[in-house]
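Q: Quick one, structure for this:
(one chain, ligands or ions: 2)
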Amino acid sequence: MTLSTDTNLSKAVQVLKNAQRICILTGAGISAESGIPTFRDEQSGLWKSFRAEDLASIDAFNRDPKLVWSWYQWRRAEVKDKSPNPAHHALAKWQQHSVKADKPSQQLSLITQNVDDLHEQAGSSATHLHGELWKNHCSDCGMPYIAHIDTGSTELVECDACGGYVRPSIVWFGEMLPQRAWQVAQQSADNCDVFMSIGTSSIVYPAAGLAQVAKQNGATVIEINPHPTDSGLVDIQIPYPAGQALPALINQLGL
Ligand code: NAD
Ligand code: ZN
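A: Ligands and ions are numbered 1, 2, ... in the order given. Have a look, this model is predicted:
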């Protein structure tokens with residue numbers, strides 16, 4: 001069966017046509033086709049011997065700030081020239097349509113675990129649960145650091161206010177999610193008729209709990225992932241890459 005005749009895709013289209021509130025959660029998989037590796041993909045080159053879990057924490061930063069900062073500068077350099085793929089574009093088109101419609105009959109919330117800005121580059125507005133790769137703040141006083149930082153340099157940067165080291169505004173292992181973003185995500189998962197999980201392995205809590213909340217409240221759960229997860233929550237699996245599945249989906253929605 002090809003994607004366009006896939007019965008699960010048709011089922012998803014039927015459910016989505018009748019939905020009023022849709023909550024979409026995206027993960028690293030949606031950016032994979034843009035050439036940004038997911039965490040589970042093997043790390044490349046220089047950083048092969050490091051695990052993300054060992055670098056993305058405040059303990060790691062306190063122990064060796066230069067090492068952690070260098071890793072993020074490397075990730076930034078890797079991501080800098082990447083562009084949105086058809087999956088990001090399809091979501092942006094759908095979101096813009098739902099806002100523009102004369103009588104908006106559909107509310108679409110886009111929540112992402114990604115720290116890249118490919119949703120924004122495609123024209124979407126997204127709630128970032130795990131922070132943003134391009135933002136920085138002071139590790140001591142918390143003040144945002146807004147001056148441009150060249151991705152080519154691995155020199156530590158100091159806070160203008162207190163001299164503390166500047167760190168990326170990413171939610172590290174063991175840290176709380178940004179309160180406002182988490183509230184938005186919980187509310188939209190709580191109130192949705194359809195919850196769509198796209199390109200996430202659904203194992204990183206608390207974000208993974210959002211599908212559970214939606215399901216408990218009666219929402220239909222749709223998953224787009226070429227390697228379906230066995231969370232037991234999914235009603236409709238679309239086992240294709242997001243860059244193929246989402247354009248097909250919005251095409252069949254008539255957008
Ligand atoms: P993950 O790495 O745990 O899982 C990625 C999932 O995407 C897998 O289930 C995989 O099967 C699926 N996938 C791979 N290619 C796909 C495609 N073309 N279309 C659809 N799905 C595809 O990612 P996660 O669940 O988001 O959790 C990892 C954490 O790592 C997140 O918190 C995120 O902040 C961070 N992270 C972000 C980026 C990014 O911003 N692009 C990249 C790597 C890691
Ligand atoms: Zn400071």
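
Q: Quick check: residues of the stretch 101-250 of the chain near ligand 1?
A: Within the stretch 101-250 of the chain, the residues that sit near ligand 1 (CB under 6 Å from any ligand atom) are 113-116, 130, 199-201, 204, 224-227, 241-243. In short, each C-beta sits where N, CA and C put it, glycine included.

Q: which of these has the most neighbours?
A: Highest neighbour count within those, by other CB atoms under 10 Å: residue 224, with 29 neighbours.

Q: So in terms of bridging, what pairs with that one?
A: residue 198, residue 238 (DSSP bridges).

Q: That one against residue 244, yeah?
A: No. Applying CB atoms under 8 Å as the test, residue 224 and residue 244 come out as separate, 9.3 Å apart.

Q: so how far is stretch 60-67 from its chain's centroid?
A: Computed by CA atoms, centre = their mean, to the nearest Å, the chain-centroid distance of stretch 60-67 equals 25 Å.

Q: Kindly check the end-to-end length of it for me.
A: 8 Å (CA to CA, to the nearest Å).

Q: May I see the buried residues of that stretch?
A: Applying a neighbour-count criterion of 16 or more other CB atoms under 10 Å, one finds 60-61, 65 buried in stretch 60-67.

Q: So which of the residues of the stretch 101-250 of the chain next to ligand 1 sits lowest on pLDDT?
A: Lowest-confidence member of these: residue 204, scoring 72 (pLDDT).

Q: That one against residue 56, yeah?
A: No. Contact criterion CB under 8 Å: residue 204 and residue 56 do not qualify, at 11.5 Å.

Q: Around ligand 2, pick out the residues from the stretch 51-200 of the chain.
A: Counting by CB under 5 Å from the ion, the residues of the stretch 51-200 of the chain close to ligand 2 are 138, 140-141, 143, 159, 161-162, 164.
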